[in-house]
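1. Sharing a sequence plus its predicted fold:
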Amino acid sequence: MTDKDKEDLESRAEAAKLRELCNIVMSRADVEHNRIIDETRDEIDRWIKDHQILLDAECNAISKDTKKQADEILIRQVSDAKNEISRERLKLQNKCVYEAKALFQKKLEALRKRVDYKYILAGLALEAIEKINNKQDLSFRLSFADAELGEEIAAIINEAAPINITFDFTPGEFSGGLTVFSADGRWSVVSDWNAKTDELSDAISARILAAL
């Protein structure tokens, strides 16, 4: 089995665990919803039973008022139950989004194990350079863990594009990816793993919400 196959299996396993976790939480939320509704109905039934004598004696006089009160109680408590379910669903959504983003960032950091990792970072730098207006006298920084690849990556970039870029040995305060900046400091593009995760945040959130 190749490393890529192993990574795919690990990715599917982690995704399956996340789906299982989401299913468990949603199942608990559904059970809680049914419990609240049942308790509401039981309370109304107890209230009617406790006042049955009074209702029988004054049924004609207070039937409309009694129905109104019962309806108000039901509406209020059902509304409270729905609000509670909404809060639980929101908490679940936020948790799933957070875990999905953490999983995605973990996968980005795992790219370091690939033999073509320096080319991945070079491609990331070229993508960032496209966003800079003045493409003269550029520099880039890597994380401390990737610093040893800096000069090789600079050579790859300079060979691939008609620009002059140098590696700044100052480590960036990020776990992976890079930052490209102009010599005058007027332009910089952050393209580390946090930035890449944020770029896909909306897409990740949309997929989680669709699944829930």
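-> That came in fine, so what should we check first?

2. Tell me how far Glu72 lies from Gln105.
-> 49 Å (Cβ to Cβ, to the nearest Å). Every residue, glycine included, has its C-beta placed from N, CA and C.

3. Could you do Leu142 as well?
-> Distance from Leu142 to Gln105, by Cβ to Cβ: 17 Å.

4. Compare neighbour counts for those two and give me the winner.
-> Using other Cβ atoms under 10 Å, the more surrounded residue of Leu142 and Gln105 is Leu142, with 25 against 17.

5. Can I take it that that one is in a helix?
-> No: counting by DSSP: H, G, I helix; E, B strand; the rest coil, one finds Leu142 to be strand, located in no helix.

6. Residues in a beta bridge with it, which ones?
-> Leu178 (DSSP bridges).

7. can you pull the contacts of it?
-> Leu121, Leu149, Gly150, Ile153, Phe167, Pro171, Gly172, Leu178 (Cβ atoms under 8 Å, 6 or more residues apart in numbering).

8. Equivalent analysis for Glu127, please.
-> With Cβ under 8 Å, 6+ apart, Glu127 has these contacts: Ser191.

9. burial count for Ile156?
-> Residues near Ile156, counting by other Cβ under 10 Å: 18.

10. The one 4 residues further on now?
-> Ala160 has 13 neighbouring residues, counting by other Cβ under 10 Å.

11. do you know how far Arg89 is from Leu108?
-> If you go by Cβ to Cβ, the gap between Arg89 and Leu108 works out to 29 Å.

12. what do you get for Ile132?
-> 22 Å.

13. likewise Asp65?
-> From Asp65 over to Leu108 (counting by Cβ to Cβ), the distance is 64 Å.

14. can you check Phe144 too?
-> Phe144 is 16 Å from Leu108, by Cβ to Cβ.

15. Which of the two has more residues huddled nearby?
-> The neighbour count for Phe144 versus Leu108, taken as other Cβ under 10 Å, is higher for Leu108 (17 against 12).

16. Which element, helix or strand, includes that one?
-> helix 59-110 (DSSP states H and E).

17. That helix: how far from the chain's middle?
-> 20 Å (Cα atoms, centre = their mean, to the nearest Å).

18. Give the other helices and strands that it contacts.
-> Of the remaining helices and strands, those touching helix 59-110 by 3 or more Cβ pairs under 8 Å, 6 or more residues apart in numbering; DSSP states H and E are helix 3-50, helix 52-57, helix 193-199, helix 201-211.

19. Which parts of the protein belong to which domain?
-> 3-112, 115-192 (automatic domain parsing).

20. so who does the nearest residue to Arg141 once chain neighbours are set aside touch?
-> Computed as Cβ to Cβ, 6 or more residues apart in numbering, the closest residue to Arg141 that is not its neighbour in sequence is Gly172, at 4.2 Å. The neighbours of Gly172, taking Cβ under 8 Å, 6+ apart as the test, are Arg141, Leu142, Ser143, Phe144, Leu178, Thr179, Asp192.
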